[in-house]
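Undergrad: Fold the following and give me the result.
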Amino acid sequence: MNYPKAIGPYSVCAKGCNLVFVSGQLPINPSTGDFASNDIKELTRQSLRNIEAILKEQGLSMKDVIKTTILLADINDFASVNEAYAEFFSAPYPARSCFAVAALPKNARIEIEAIASCK
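TA: Residues are numbered from 1 along each chain as shown. All right, here's what the predicted structure looks like:
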């Protein structure tokens with residue numbers, strides 16, 4: 001498995017109605033079980049690599065993503081997150097929401113979830 005296991009009673013991925021829902025991915029390196037880095041850009045990349053691995057297992061790619069939600073511990077990371085995020089997507093970009101939250105599991109700085117089309 002090239003992505004971390006769920007840290008609670010939920011599935012990392014669920015299919016339905018020609019959609020694949022990928023649960024929020026923390027920036028955990030599946031090889032080490034630790035956060036990928038302290039750098040928000042690298043943390044963003046790791047969360048997206050985890051999503052990419054989950055989608056690949058479903059026969060999909062990042063091109064199939066139609067919606068993402070980003071949760072940030074610090075909204076001041078927004079610009080840096082955008083830079084790393086842009087490495088994984090091209091036009092037409094998925095719809096996206098981004099929120100600052102009080103806290104994330106394991107004191108993570110970022111969590112990203114995705115919805116992909118499997119039509």
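Undergrad: Every contact and neighbour count from this point should use C-alpha atoms.
TA: OK.
Undergrad: so residue 21 bridges to which residues?
TA: Residues in a beta bridge with residue 21, per DSSP bridges, are residue 14, residue 115.
Undergrad: Against residue 101, how distant is it?
TA: Between residue 21 and residue 101 the computed distance is 21 Å (CA to CA, to the nearest Å).
Undergrad: and the two? which has more neighbours close in?
TA: More crowded of residue 21 and residue 101, by other CA atoms under 10 Å: residue 21, with 20 against 14.
Undergrad: Give me the pLDDT for that one.
TA: As predicted, residue 21 sits at a pLDDT of 91.
Undergrad: Ok, residue 2 next?
TA: pLDDT, residue 2: 78.
Undergrad: Over to the one 4 residues further on?
TA: The predicted local confidence for residue 6 comes out at a pLDDT of 67.
Undergrad: Would you check that residue 102 makes contact with residue 71?
TA: No. Counting by CA atoms under 8 Å, residue 102 sits too far from residue 71 to count as a contact (9.7 Å).
Undergrad: Tell me the spacing between residue 69 and residue 5.
TA: Residue 69 sits 19 Å away from residue 5, taking CA to CA as the criterion.
Undergrad: Who has more neighbours out of residue 102 and residue 71?
TA: A direct count of neighbours by other CA under 10 Å for residue 102 and residue 71 places residue 71 higher, at 24 against 10.
Undergrad: I'd assumed residue 99 was in a helix, is it?
TA: No. Going by DSSP: H, G, I helix; E, B strand; the rest coil, the assignment for residue 99 is strand, not a helix.
Undergrad: List the single closest residue to it in space, sequence neighbours excluded.
TA: Closest residue in space to residue 99, ignoring its immediate chain neighbours: residue 71 at 5.0 Å, by CA to CA, 6 or more residues apart in numbering.
Undergrad: Buried ones in the strand or helix carrying the one you found, by neighbour count?
TA: For residue 71, the enclosing helix or strand under DSSP states H and E is strand 65-72. Neighbour-count burial for strand 65-72 flags 65-72 (criterion: 16 or more other CA atoms under 10 Å).
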